[in-house]
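In: Starting from these lines, generate the structure:
(chains A, B, C and D)
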There are 2 protein chains.
Amino acid sequence: MKKRTFTCGLDAAIAVMGGKWKGLILFTLQDGPLRFGELRRAVPGISERVLILQLREMETTGLLHREVYHQVPPKVEYSLTEFGHSLNTAMASLGEWGEEHVERIEAIPWDQVG
Amino acid sequence: MKKRTFTCGLDAAIAVMGGKWKGLILFTLQDGPLRFGELRRAVPGISERVLILQLREMETTGLLHREVYHQVPPKVEYSLTEFGHSLNTAMASLGEWGEEHVERIEAIPWDQVG
DNA sequence: CCGGGTACTGACATAAATGTGAGTAAGGGC
DNA sequence: GCCCTTACTCACATTTATGTCAGTACCCGG
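Out: As a prediction, the model looks like this:
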C-alpha cells in the first residue's frame, strides 16, 4: 500500500477516473446495475479485456460494487457505490460542457493533435 | 482532418482534457497567464518535454493561447481562451469532489490497482 | 569570448494503456 | 455426448503516454 499524494483535488479526482473509459462506465451505470455483457454492449468500442480491467480498478477504488449470482450460466452485476454516485454527480457538469461543445470538439483536427 | 465522433458529452470532454496533466495545467492557468518556465515550476513533477507537448495539444484544441514576445531572453506566455475558461469552470465540481475525498483517495491501495 | 537565462527541439527509452484472439468452467437443453 | 450461454483468463501485440538527456539560438553582462 504505497500512499500516493496529490497536488490538489483535481489531481486526486483524475487519478480515480483517469483513462478513456471510466467516465463512460460510471455514466452508463448511473441508472442502475448492469451485468457484464450488458455493460459491454452499452459501452461501444471497448474490448472485453479492457472492460474487465477497468471494472476491477473501479472496484478497488471503491467506485462500484460487484455482485455475483451463483447460477449457470453465470450472472455478475455491477452497480455504483455511494462513492461512485458522488463522483458521477461531480462529473455531470463536465458531461454537459461536452454536450454543449460537441460540434466544436468534433471539428478539432485530431490528427494534428498527437 | 479525420472527424472523430463521440458517444456522449462526457466522451467528448474526456477527449479534450484527457491525460494526466491537462486538467492541472488548466487549473494552474485559471488566475492569469504564465510563461513557460513559471508553468513548469507551478506543475510539480512534469517534464519539460511533456509540458510542451501538452501545451501544443491544448493550443490545437483551442483551450489556450500562446503569445510570443520577441525579446532576449525569449518570453512566451500561455493563457486560457474563453473555451479553456469554460472547461475549467465545468471541471470545478470535479476538483471539489477530489478535495472532499482526498483522504479516501490517498488511502486506496494504488499498487493493487494497475 | 564565456557563462547565464529562456524556450524550446530531437533522439531515444521506458512505462502505461489498450487491443486481439484464443481458451476455460459450469450446467441445461437436445 | 455436444453445443449453448456467460463471464471471464491468458498470452501476446500494438499504440499511446510519459520521461531523460543533450543540444540550439538569442543577446547581455562581465
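
In: Helices of chain A, residue ranges please.
Out: With DSSP state H as the definition, chain A shows helices at residue ranges A:9-17, A:22-28, A:36-42, A:48-60, A:82-100, A:102-106.

In: Enumerate every residue touching the spatially most central residue of chain A.
Out: Computing the C-alpha centroid of chain A and ranking residues by Cα atoms, centre = their mean puts A:K22 first, at 2.2 Å. Neighbour list for A:K22: A:16, A:54, A:57-58, A:63 [criterion: Cβ atoms under 8 Å, 6 or more residues apart in numbering or on different chains]. Where C-beta positions appear, they are placed from N, C-alpha and C, glycine not excepted.

In: Phi first, then psi, for the residue of chain A most remote from its centre.
Out: Each residue of chain A has a distance to the centre, and by Cα atoms, centre = their mean the biggest one is for A:V72: 27.6 Å. The phi/psi pair for A:V72 (degrees, to the nearest 10) reads phi -130, psi 130.

In: In chain A, where is pLDDT below threshold?
Out: For chain A, applying pLDDT under 70 flags the ranges A:1-3.

In: and it, which residues reach DNA strand D?
Out: Selection of chain A residues close to DNA strand D by Cβ under 7 Å from any atom of the strand yields A:35-38, A:48-49, A:52, A:55, A:66, A:72-76, A:114.

In: show me what contacts the nearest residue to A:L24 once chain neighbours are set aside?
Out: Leaving aside its chain neighbours, A:L24 sits nearest to A:V43 (5.5 Å; criterion: Cβ to Cβ, 6 or more residues apart in numbering or on different chains). Listed by Cβ under 8 Å, 6+ apart, the contact set of A:V43 reads A:21, A:24-25, A:28, A:51, B:7.

In: for those residues, which one is nearest DNA strand C?
Out: Checking these against DNA strand C with Cβ to the nearest atom of the strand, the nearest one is A:W21 at 5.7 Å.

In: Now do the contacts for that closest one.
Out: Shown in contact with A:W21 (Cβ under 8 Å, 6+ apart): A:43, A:46, A:50-51, A:54.

In: Which of the contacts of A:V43 are buried, as a ChimeraX select command?
Out: Of these, the buried ones can be selected in ChimeraX as follows, counting by 16 or more other Cβ atoms under 10 Å in any protein chain shown:
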select /A:21,24,25,28,51
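
In: Pull the most distant pair out of the contacts of A:V43.
Out: A:L51 and B:T7 (14.4 Å; Cβ to Cβ).

In: Contacts for stretch A:8-16 next, please.
Out: Counting by Cβ under 8 Å, 6+ apart, A:4, A:6, A:22, A:61, A:63, A:87, A:90, B:20, B:23-24, B:27, B:91, B:94-102, B:105-106, B:108, B:110 sit against stretch A:8-16.

In: Enumerate the residues of chain A near DNA strand C.
Out: Counting by Cβ under 7 Å from any atom of the strand, the residues of chain A close to DNA strand C are A:18-21, A:45-50, A:53-54, A:72-74.

In: farthest pair in those?
Out: For the residues of chain A next to DNA strand C, the farthest-apart pair by Cβ to Cβ is A:G18 and A:V72; their separation is 36.3 Å.

In: burial of the nearest residue to A:M58 once chain neighbours are set aside, as a residue count?
Out: Distances taken as Cβ to Cβ, 6+ apart place A:L64 nearest to A:M58, at 4.9 Å, with adjacent residues excluded. By the criterion of other Cβ atoms under 10 Å in any protein chain shown, A:L64 has 23 neighbours.

In: Having no further points to raise, I will conclude here.
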